[in-house]
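# Just a sequence and a predicted model for now, questions to come.
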Amino acid sequence: MHNLGEVVLTQLQFTDTLEIKSRPAVVLFEENGNVVVAGITSNLEMKGILLTKKDGAIKESVIKLNYIFTISDKMIIKNLFSLSIEKKKLLVSELIKKLKT
């Protein structure tokens, strides 16, 4: 079972190709073996929520709330770290803002 705020390494398919790569993502929720995640990028020019080494990231990265998708729990390779309570609250708050627009 995966919970809100877990950062995982997963197999993701890119939206513009059929290529699948291992990439980090943050879990939003899981239900019936389906995991809804938001992608993470090390491209700091992208908009999103900043992840720092203090948060547990290997290098500074951004949670991309415009890159949300559902994957099978079988596509998760491993858990990397969990977000702090404060960062989880920020994640939920920013996601709600996106859903209202």
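Done, it's in.

# what's across from the residue nearest the centre of the chain in the sheet?
Geometric centre of the chain, nearest residue: V26, 2.4 Å, by C-alpha atoms, centre = their mean. Beta-bridge pairing for V26 (DSSP bridges): V7, A38.

# could you measure it against L95, distance?
10 Å (C-beta to C-beta, to the nearest Å). Every residue, glycine included, has its C-beta placed from N, CA and C.

# Give the residues shared as contacts by these two.
A38 (C-beta atoms under 8 Å, 6 or more residues apart in numbering).

# returning to that earlier point: wait, the residue nearest to the centre of the chain touches I63, no?
Yes - if you go by C-beta atoms under 8 Å, V26 and I63 touch, sitting 5.4 Å apart.

# list residues touching both of the two?
Common contact partners of V26 and I63 (C-beta under 8 Å, 6+ apart): 38, 40, 91.

# Throw these into TSV and include pLDDT, neighbour count and distance to L83, thanks.
Formatted as TSV, these follow (pLDDT from 0 to 100; neighbours: other C-beta atoms under 10 Å; distance: C-beta to C-beta, whole Å):
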residue	pLDDT	neighbour count	distance to L83
A38	96	20	11
I40	96	24	11
L91	98	20	7
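
# Return the member of the residues you listed nearest to G5.
Nearest to G5 out of the shared contacts of V26 and I63 is L91 (C-beta to C-beta; 6.7 Å).

# check contacts around the closest one.
Going by C-beta under 8 Å, 6+ apart, L91 touches 4-5, 26, 28, 38, 49, 63, 83.

# 7 Å instead, please
Contacts for L91 (C-beta atoms under 7 Å, 6 or more residues apart in numbering) come out as 5, 26, 49, 63, 83.

# swap in F29?
Applying C-beta under 7 Å, 6+ apart to F29 gives the contacts 4, 36.

# so for the helix or strand where it lies, what's the average pLDDT?
Assigned by DSSP states H and E, F29 belongs to strand 20-31. Per-region confidence: strand 20-31 scores 94 on mean pLDDT.
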